[in-house]
Structure formats: C-alpha cells, structure tokens
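Peer 1: I would like the atomic coordinates for the input below:
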Amino acid sequence: MSDLQESLGKARKFLASGNLPAAASALESALQLQPQEDDLYRVLGEALAESGRVGEGIEVLEKGRIAQPRNLDLLFALGDAYFENHQAEQALQVYEEILAVDANEADAWVSMGLVHFNRERFEDAIRCYRAALAIDAQSVFALNSLGDALFTQGDNDAALKCYRQVIELDPEDAQAHYNLAELYYDLDRLAEAEEACKKAIEYDPALSFAYLTLGNICLDAEKTREALRYFEDFLRLERSPAAADIRAEVAAVIDGLKLEM
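Peer 2: Residues are numbered from 1 along each chain as shown. Modelled structure (predicted):
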C-alpha cells in the first residue's frame, strides 16, 4: 500500500467514526503527497471546517478553487464555509460562480437565499428560492426554505402549503415535519406540533432542534420531566459552534428545572 492510499484509508476511517480532527490530519498528509488528487481539497476543507477550524478550511478550499475552478462540489463547500464563518458577501460570490458554471444549479439559488435570509433580507431570499423552483419545481430544499421565509413574513398559509408539498414529495423528509412543528407551535396548536416533531425525530433521530421544540411543548404542558429529557437530548446532539448561545440558554433552563424538582 502506498503512503497516499494509507493516508486516504485513515482519513475515510476517521471520517466514518466522526473523528474530524484526526481525519483532517490524515487528509493533510494525503494532500502533501498528491496535491492534484481529485476532491482532496474539498474533503479536507470540509473536515477542517466541521471540526471548528473554519478559517483553515477556507484556505484549503480557496487553493482548490484555483486548481479546480469548475468543481461544483468544491465551490459549494467553499460557499458554505464562508457562510458558516459569517462572511456573507464572499459566500454569495461563490454561489454566483456556481451559477456561472451551471445556470441550472437550483441549489446555488437556495444557498444564496439562505445567506439573504440570515441577513434578514427576506424579499431577496424569497426571490432566490422562487428562482430555484423555476429550475426544479420539486426541490424539497427550495420548498422548505421558501416555507421558512414565508413563515417569517407572517404568511402562514403559504408556508404550510410549502411544507405539505415537501411531505407529499418525500413523506420521510424530517426537516419538513420539523418546520410544520415550528409553525404549529407558533400558532399554539401544541398537539399538532408535538405530533409533527415526533415524526421529524422518527425520520432523523439526530435532528437536534426537534428535541428542543419538544422540550418547549412539554414545558408549556407542564410535563417537566419529559421537557427535561428532551432538553438534555438537545444538548447531547447539538454540538455546532454556532449554537453555543442557545446551548448555554438550554443548560440554564435545565439547571432551573432540576432545582424546581
């Protein structure tokens, strides 16, 4: 076995086990051995970003962008890394590059919409989501995202229609069930919200924010022990650096509930 194959084998093993720092180290070794190996830049960049080294991940992906300017998977990874790093304009520029390479990449429009949504430019977000749906009317990514934007704008009926359309297309789409739960919860339809949340968890047991919503539903219903369990599940599953503030809030709620009990 060559050194390159050995490094790649280690990287795959570490990625499969979720050991992102070790995977990144193995991929760095592989990239030194073979700088032109297809997709190494993308895989290494993603591993670095997902292990919290977002800046380093962006540096690697930018090198890949120079070496492989038409590699759409790499460009998506770079745009997503910029977005995660709160560099909205750079992310938009990368997604626009993707559309310059392939004007029919509906997901690039959705990704641009997510950037606008995050910046509270909701009309721009809706425009992007509709552009994606003009390319692919059955894009569950676009429909879920459009529903979120419409919900934020107070158009609950239109949002509900989007989520239900996703579920018609893919009954096991956990995100759509979760989005429905959030909408129902906001409308104080707690029984329907709970049912939708449990569906979301059934189809994706790692969907952390569904546990948070379930905890809030149980808290509203004065089911303290169940709420506590769901909040603890949320903390166990949600490890994103971007969720640090909400994790701290939930931990404080847990401490308060334990004192009450």
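Peer 1: apart from its neighbours in sequence, what residue is nearest residue 181?
Peer 2: Using CB to CB, 6 or more residues apart in numbering and skipping the chain neighbours, the partner closest in space to residue 181 is residue 196 (3.7 Å). Every residue, glycine included, has its C-beta placed from N, CA and C.
Peer 1: from the chain's centre, how far out does the helix or strand containing the one you found sit?
Peer 2: Secondary structure assigned from DSSP states H and E places residue 196 in helix 190-203. Going by CA atoms, centre = their mean, to the nearest Å, the spacing between the C-alpha centre of helix 190-203 and its chain's C-alpha centre is 19 Å.
Peer 1: which secondary structure elements does that helix contact?
Peer 2: Counting by 3 or more CB pairs under 8 Å, 6 or more residues apart in numbering; DSSP states H and E, the packing neighbours recorded for helix 190-203 are helix 174-186, helix 208-220.
Peer 1: flag every buried residue along that helix.
Peer 2: Residues of helix 190-203 classed as buried by neighbour count (16 or more other CB atoms under 10 Å): 190, 193, 194, 196, 197, 199, 200, 201, 203.
Peer 1: can you tell me which of the residues you listed is nearest residue 220?
Peer 2: Minimum separation from residue 220 among the buried residues of helix 190-203 (CB to CB) is found for residue 190, which lies at 6.3 Å.
Peer 1: what's around the nearest residue to the closest one once chain neighbours are set aside, how many residues?
Peer 2: Beyond its immediate neighbours in the sequence, the residue positioned closest to residue 190 (CB to CB, 6+ apart) is residue 217, lying 5.5 Å away. For residue 217, the number of neighbouring residues by other CB atoms under 10 Å comes to 21.
Peer 1: in this structure residue 217 contacts residue 194, no?
Peer 2: Yes - assessed by CB atoms under 8 Å, residue 217 is found in contact with residue 194 at 5.1 Å.
Peer 1: wait, what's in contact with residue 207?
Peer 2: Contacts were defined as CB atoms under 8 Å, 6 or more residues apart in numbering; by that measure residue 207 touches 174, 175, 178, 200, 201, 237.
Peer 1: for the third one, which non-adjacent residue is closest in space?
Peer 2: In space, and not counting its chain neighbours, residue 178 is closest to residue 200: 4.0 Å by CB to CB, 6+ apart.
Peer 1: the one you found contacts residue 210, correct?
Peer 2: Yes - under the criterion of CB under 8 Å, residue 200 makes contact with residue 210 at 4.4 Å.
Peer 1: which neighbours do those two share?
Peer 2: With contacts taken as CB under 8 Å, 6+ apart, the residues that reach both residue 200 and residue 210 are 174, 178, 181.
Peer 1: of those residues, which is the most crowded?
Peer 2: For the shared contacts of residue 200 and residue 210, neighbours tallied by other CB under 10 Å; top is residue 181, 28 neighbours.
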